[in-house]
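# predicted coordinates and the sequence they were generated for:
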Amino acid sequence: MTSNGTHIRLQMVSDPTYLSGARELVSAVSRRLGFSEEGSGQIALAVDEALCNIIRHGYDRRRDRPIWLSLNPVHDEQNRAQGVTIVLEDEARQVDPEQIRSRDLDEVRPGGLGVHIIREVMDEVRYERRPGAAGGMKLTMTKRITQPAPAGETGPGPCARGGA
Amino acid sequence: MTSNGTHIRLQMVSDPTYLSGARELVSAVSRRLGFSEEGSGQIALAVDEALCNIIRHGYDRRRDRPIWLSLNPVHDEQNRAQGVTIVLEDEARQVDPEQIRSRDLDEVRPGGLGVHIIREVMDEVRYERRPGAAGGMKLTMTKRITQPAPAGETGPGPCARGGA
Amino acid sequence: MPEETMRVVTQTEGGTVTIAPEGDVDLARSPTLRAALRQALAAKPQRLVVDLTGVDYMDSSGVATLVEALQTARRGSTRLVLCAMKERVRSIFEIARLDGVFTIVDSREKAATA
Amino acid sequence: MPEETMRVVTQTEGGTVTIAPEGDVDLARSPTLRAALRQALAAKPQRLVVDLTGVDYMDSSGVATLVEALQTARRGSTRLVLCAMKERVRSIFEIARLDGVFTIVDSREKAATA
Ligand SMILES: Nc1ncnc2c1ncn2[C@@H]1O[C@H](COP(=O)(O)OP(=O)(O)O)[C@@H](O)[C@H]1O
Ligand SMILES: Nc1ncnc2c1ncn2[C@@H]1O[C@H](COP(=O)(O)OP(=O)(O)O)[C@@H](O)[C@H]1O
């Protein structure tokens, strides 16, 4: 079921006011897919950091530009959620993906932490230029559930009971 | 700023798993627009009930059909958020909008509460057929902030301090 | 995706069964609550307490599940009591004008005698 | 939309200024925290305590704001102490390897002498 197409797609303007909405969406969905509270919080943090970077570096803090977030569960053969893949796309300035990288953390100074945080909390992170005339960047991130839910359940714990 | 176009647009599949994500998105954004915790919770409840009805009545519980939620702040002349408008659209069976109504609540029986709840917590509620070949229904709901934020602020309380 | 489940703790002590669902009770989760309520009611206990301490949110599918349980309970002469309902959950009972239909008390202790 | 604001309670007692932001400190809100920190540091107090009891979430813009405050504090010989940091907030300091750079204590009481 629902195997084709995107499960969740959010289009938002590049206004920091809406960061909390994106975080709560992503974190609530991750919980339901079987991530722990800590895991869901980490996914929300990675999404927040990536959105901040699009707003600050991609759009130079303009608040009216589009950002797209898509979210899909990653399933195993038994159709159990194993993780989540999140894609962020924009129409912002294109940069060399190699240039999107963390600084040396030994130096204590404000800033320069976002990319490090994203790579630390997610299992796979890939930046690329978006194909097509509109330009923009594309970020694909995946995180796997470390404690898989027991067979036939997407709920969080081993004590969850079967549905009606 | 950001006065044209939709601020937030969520496309989701008609799977109840994603209801909590939609609720948390809507409630977090409403908080940031200046609604109280109670007001934000009511907006999330109305959205949940309307989504449940689309899933149950419109799509007969199919889990792979599309639903769109758009959210825009309602502003006054000074660009302060005064409320929020949320539009839900689907490609489900079209019904006479007059038929979407609450039952007599004096009778105690399961079900038949959703439309009543939506009308109770939102200030304006309008159901209509979606124009266009794809069919479907459209629900437009508005709720106003009862305690408007003080001048120049979208934050929640009278003690909020000005930004940098 | 498989039917989503939630944790529901069921406890039996004398003639009283206590059911404590944990998490938001919405359309995805109310089938789990319904299954637990039906199972408990099938034994026709004297008293069925639904402890809502762990429920921060409920929509009308959760309310419908409890109304159904109330009807079954009455037929079987089981006393159904809801306890520890959070303010946000209570408000949906009020909007649905069901706050007077259910017996609603603050705590499990009070539910034992309500 | 106008710059978003958050509640930040500032309190002065002897040589100690305590700042308590309330709510999520993200890109929308960190400018408010920065303004409060700058104002407090301008007076070069002996001690600046940032009480994070009310902060459930912080992103790297909030962390950057605190690093900036730490640098300003050191230049002005102000002792900067963070207190009552929630687990979720601490984890971002750990990921950023800044948990050893800041003085972080459990409570306001401990912050007075840390
Ligand atoms: N979405 C983006 N578009 C363009 N450049 C980016 C983007 N995200 C990150 N970068 C680049 O990567 C660098 C490191 O980002 P980050 O670790 O978040 O620290 P900071 O944003 O504070 O510099 C940025 O300085 C920027 O040059
Ligand atoms: N999205 C919708 N599409 C079609 N019919 C709807 C929709 N929403 C509500 N309805 C109609 O309105 C009635 C009342 O809805 P509601 O108050 O939510 O109670 P219930 O769904 O339990 O019947 C439904 O029985 C249905 O006939």
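Sure, I can see it. Ligands and ions are numbered 1, 2, ... in the order given.
# who are the packing partners of the helix or strand containing C:G62?
C:G62 belongs to helix C:60-75 when assigned by DSSP states H and E. Applying 3 or more C-beta pairs under 8 Å, 6 or more residues apart in numbering or on different chains; DSSP states H and E, one finds that helix C:60-75 contacts helix B:37-53, helix C:30-42, strand C:47-51, strand C:79-83, helix C:87-95. For the C-beta atoms, the positions are set from N, CA and C on the backbone; glycine is no exception.
# does ligand 2 sit close to the second one?
No: looking at helix C:30-42 against ligand 2 by C-beta under 6 Å from any ligand atom, there are no contacts, and the closest approach is 12.1 Å.
# can I get that helix in CSV? Just the C-alpha atoms.
The C-alpha trace of helix C:30-42 is given here as CSV (Å, rounded to 0.1, in the frame of the first residue of the first chain):
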residue,chain,number,x,y,z
SER,C,30,-8.4,4.0,18.2
PRO,C,31,-8.7,0.5,16.7
THR,C,32,-6.1,-0.7,19.3
LEU,C,33,-8.1,1.0,22.1
ARG,C,34,-11.3,-0.5,20.8
ALA,C,35,-9.8,-4.0,20.8
ALA,C,36,-8.7,-3.6,24.4
LEU,C,37,-12.0,-2.3,25.5
ARG,C,38,-14.0,-5.1,23.8
GLN,C,39,-11.8,-7.8,25.2
ALA,C,40,-12.2,-6.3,28.7
LEU,C,41,-16.0,-5.9,28.4
ALA,C,42,-16.4,-9.4,27.0
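# C:L66 versus the residue nearest the centre of chain C, what's the distance?
Among the residues of chain C, the one closest to the centroid is C:V50, at 3.8 Å (C-alpha atoms, centre = their mean). As judged by C-beta to C-beta, to the nearest Å, C:V50 and C:L66 stand 7 Å apart.
# find residues that contact each of these two.
Here C:V50 and C:L66 have C:L37, C:L82 as joint contacts, going by C-beta atoms under 8 Å, 6 or more residues apart in numbering or on different chains.
# returning to that earlier point: what comes up buried for the helix holding C:G62?
For helix C:60-75, a neighbour-count test (16 or more other C-beta atoms under 10 Å in any protein chain shown) marks C:60-70, C:72-73 as buried.
# mean confidence score for that helix?
Helix C:60-75 carries an average pLDDT of 97.
# now do that helix against helix C:87-95, angle only.
70 degrees (axes from the mean of the first three to the mean of the last three C-alpha atoms, to 10 degrees).
# can helix C:60-75 be said to contact ligand 2?
No: using C-beta under 6 Å from any ligand atom, helix C:60-75 stays clear of ligand 2, with a minimum separation of 6.7 Å.
# what lies in contact with that helix?
Contacts for helix C:60-75 (C-beta under 8 Å, 6+ apart): B:49, B:52, B:108-111, B:113-114, B:117, C:25-27, C:29-30, C:33-34, C:37-38, C:41, C:48, C:50, C:55, C:78-80, C:82, C:92-93, C:96, C:98, C:101-102.
# go again with 6 Å.
B:49, B:110-111, B:113-114, C:25, C:27, C:30, C:33-34, C:37, C:41, C:48, C:80, C:96 (C-beta atoms under 6 Å, 6 or more residues apart in numbering or on different chains).
# and these, which are buried?
Looking at the contacts of helix C:60-75 with 16+ other C-beta under 10 Å, the buried ones turn out to be B:49, B:110, B:113-114, C:25, C:27, C:30, C:33-34, C:37, C:41, C:48, C:80, C:96.
# which of the residues you listed lies closest to chain D?
C:V25 (23.6 Å; C-beta to the nearest C-beta).
# what sits against that closest one?
C:V25 neighbours (C-beta under 6 Å, 6+ apart): C:L33, C:V55, C:M58, C:G62.
# looking at these, which is nearest ligand 2?
C:G62 (12.4 Å; C-beta to the nearest ligand atom).
# how much space separates the nearest residue to A:P110 once chain neighbours are set aside from D:R75?
Leaving aside its sequence neighbours, A:P110 sits nearest to D:A64 (C-beta to C-beta, 6 or more residues apart in numbering or on different chains; 3.9 Å). Taking C-beta to C-beta as the measure, D:A64 and D:R75 are separated by 17 Å.
# distance to A:N79 and mean pLDDT for the helices and strands packed on helix C:60-75 - can I get that in a markdown table?
A markdown table is the format used below for these (distance: least, C-beta to C-beta, whole Å; pLDDT from 0 to 100):
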| stretch | distance to A:N79 | mean pLDDT |
| --- | --- | --- |
| helix B:37-53 | 23 | 98 |
| helix C:30-42 | 18 | 97 |
| strand C:47-51 | 32 | 98 |
| strand C:79-83 | 35 | 98 |
| helix C:87-95 | 32 | 97 |
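# mind checking which of these is nearest chain D?
The minimum distance between chain D and these falls on helix B:37-53, with 11.6 Å, by C-beta to the nearest C-beta.
# buried residues, whatever helix or strand comes next after that closest one. List them.
Going down the chain from helix B:37-53, the next helix or strand is strand B:66-75, by DSSP H and E. By neighbour count with 16+ other C-beta under 10 Å, strand B:66-75 contains the buried residues B:P66, B:I67, B:W68, B:L69, B:S70, B:L71, B:N72, B:P73.
# and strand B:66-75, what does it pack onto?
strand B:8-13, strand B:81-90 (3 or more C-beta pairs under 6 Å, 6 or more residues apart in numbering or on different chains; DSSP states H and E).
# give me the residues contacting the longest one.
For strand B:81-90, the external contacting residues (C-beta under 6 Å, 6+ apart) are B:30, B:33-34, B:50, B:54, B:58, B:67-74, B:76, B:130, B:136-145, B:154.
# now the angle from the next helix or strand along the chain from it to helix C:60-75?
Using DSSP H and E, the helix or strand that directly follows strand B:81-90 along the chain is helix B:114-121. Calculated by the same axes, to 10 degrees, helix B:114-121 forms an angle of 120 degrees with helix C:60-75.
# so for the helix or strand following helix B:114-121, what's the average pLDDT?
Sequence-wise, the next helix or strand downstream of helix B:114-121 (DSSP H and E) is strand B:124-129. The average pLDDT within strand B:124-129 is 98.
# direction included, what does strand B:124-129 pair against?
strand B:137-144 (antiparallel) (DSSP bridges).
# and the angle from the strand it pairs with to strand B:81-90?
170 degrees.
# strand B:137-144: which residues count as buried?
Neighbour-count burial for strand B:137-144 [16+ other C-beta under 10 Å]: B:M137, B:K138, B:L139, B:T140, B:M141, B:T142, B:K143.
# would you mind putting the residues you listed into CSV with pLDDT and distance to B:L45 alongside?
What follows is those, written out as CSV (pLDDT from 0 to 100; distance: C-beta to C-beta, whole Å):
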residue, pLDDT, distance to B:L45
B:M137, 98, 20
B:K138, 98, 20
B:L139, 98, 14
B:T140, 98, 17
B:M141, 98, 11
B:T142, 98, 15
B:K143, 98, 11
